[in-house]
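Asks: Predicted structure and sequence below. I'll ask about it afterward.
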Amino acid sequence: MTTIEPANSEVPRSHARRKPNTWFRFLRRWLFRFIGLFVLFIILFALAAWILGNVPVNQEFTHAEADGIDILLINNGVHVDLVLPIHEKEFSWRDHLMPLDFPAFDERYQVAAFGWGNRQFYMETQTWDDLKVSNVLFAFAGLGETVVHVELLEDMDWQETKSRKIRLSPIQFNRLCQFVSKTFKHNAEGSLVPIPNAHYHQRDAFYEATGQYHLFRTCNVWIGCALAHSGVRVGCWTLTPDLLFACLPSPP
């Protein structure tokens, strides 16, 4: 009589079920969670920016009469410059912007375009061809110092459709200029502090500035705060040029 051997309970190693690596499962799970939270943050961030950009302050604002002072916002699609006359008696920028700060100063310049931003990003990005992802991340992270860029212009006759003219009263203009002036760093004598040999061309200059640039406080937010301080109708949080222009009054 043939003896039947008991079946071997041990499964051959080649057929054994391999358990997934515990560390791999842990990392995969947290990676998916991180991606989900990041996407959620982007959605909430964009929604908050859109809502606050379309909720205006100073709703009662109206343009000043014909004898008011015109200012201009120039929009290049990503960054907005604030253009101010430099010879007004209410606030004369010629008392602050020294001819020696500019490689080629000329008395024919009647207005100046002001922009604020992260020092490394601003000074290394003259055109969009110079854009570096590392500089963008560096700026959005709130790292580094800030600067004010000033470009002299002959007049305010700007015809681009993405620009907007606003007419202020003398008091509003003074308040706006005071806000911008406080963004500059001042030396012991109370003068602005130009950055040596920092220029895009012959009629501009960079100055040391105050404040911290980061994802929640961009160059456009700075201009929105300046306009709100002076009494202009503008959105609560003007993160982008479109949001900055969303609540502005129609041109005079």
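Replies: Now that the structure is in, tell me what you want to look at.
Asks: what ranges do the strands span in this structure?
Replies: Listed in chain order, the strands of the chain (DSSP state E) span 56-57, 69-75, 80-85, 111-118, 146-153, 164-168, 204-208, 234-235.
Asks: Provide the strand pairings for the fifth one, with the direction of each partner.
Replies: Applying DSSP bridges to the sheet, strand 146-153 is found paired with strand 111-118 (antiparallel), strand 204-208 (antiparallel).
Asks: Those strands: which one's closest to Pro99?
Replies: Proximity to Pro99 (CB to CB) singles out strand 204-208 among the strands paired with strand 146-153, at 10.3 Å. For the C-beta atoms, the positions are set from N, CA and C on the backbone; glycine is no exception.
Asks: Can you tell me what sits against that closest one?
Replies: With contacts defined as CB atoms under 8 Å, 6 or more residues apart in numbering, strand 204-208 is touched by 97, 101-102, 122-123, 145, 147-152, 184-185, 192-195, 198-199.
Asks: In helices, which of those residues fall?
Replies: Tyr122, Met123 (DSSP state H).
Asks: Which members of the contacts of strand 204-208 are classed as buried?
Replies: 97, 101-102, 122-123, 147-152, 184-185, 192, 194-195, 199 (16 or more other CB atoms under 10 Å).
Asks: my guess is Cys247 contacts Ala228, does it?
Replies: No: in this structure, Cys247 is not within contact of Ala228 by CB atoms under 8 Å, at 10.1 Å.
Asks: right, so of the strands of the chain, which gets closest to Trp23?
Replies: Trp23 lies closest to strand 111-118 among the strands of the chain, at 38.6 Å (CB to CB).
Asks: Next up, the contacts around the residue found closest to His79 once you drop the neighbours it is linked to in the chain.
Replies: Once flanking residues are discounted, His79 sits nearest to Cys219: 5.5 Å by CB to CB, 6 or more residues apart in numbering. Cys219 sits next to His79, Val80, Gly115, Trp116, Gly117, Tyr213 when contact means CB under 8 Å, 6+ apart.
Asks: Using JSON lines, lay out those together with pLDDT, distance to Leu176 and neighbour count.
Replies: Output for these, formatted as JSON lines (pLDDT from 0 to 100; distance: CB to CB, whole Å; neighbours: other CB atoms under 10 Å):
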{"residue": "His79", "pLDDT": "92", "distance to Leu176": "19", "neighbour count": "18"}
{"residue": "Val80", "pLDDT": "95", "distance to Leu176": "14", "neighbour count": "26"}
{"residue": "Gly115", "pLDDT": "97", "distance to Leu176": "15", "neighbour count": "21"}
{"residue": "Trp116", "pLDDT": "98", "distance to Leu176": "13", "neighbour count": "27"}
{"residue": "Gly117", "pLDDT": "96", "distance to Leu176": "18", "neighbour count": "22"}
{"residue": "Tyr213", "pLDDT": "97", "distance to Leu176": "20", "neighbour count": "28"}
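Asks: From those residues, pick the one nearest Arg108.
Replies: Out of these, the member with the shortest distance to Arg108 (by CB to CB) is Gly115, at 21.7 Å.
Asks: Please report how far the closest one lies from Leu31.
Replies: 39 Å (CB to CB, to the nearest Å).
Asks: now Leu152
Replies: Counting by CB to CB - Leu152 and Leu31 are separated by 51 Å.
Asks: Show the low-confidence segments of the stretch 101-250 of the chain, by residue range.
Replies: 158-161 (pLDDT under 70).
Asks: do that again at 80, thanks
Replies: Scanning the stretch 101-250 of the chain for pLDDT under 80 picks out the ranges 157-162.
Asks: how far is the longest helix along the chain from where the chain is centred?
Replies: Longest helix in the chain, counting residues (DSSP H): helix 22-53. Relative to its chain's centre, helix 22-53 lies at 23 Å (CA atoms, centre = their mean, to the nearest Å).
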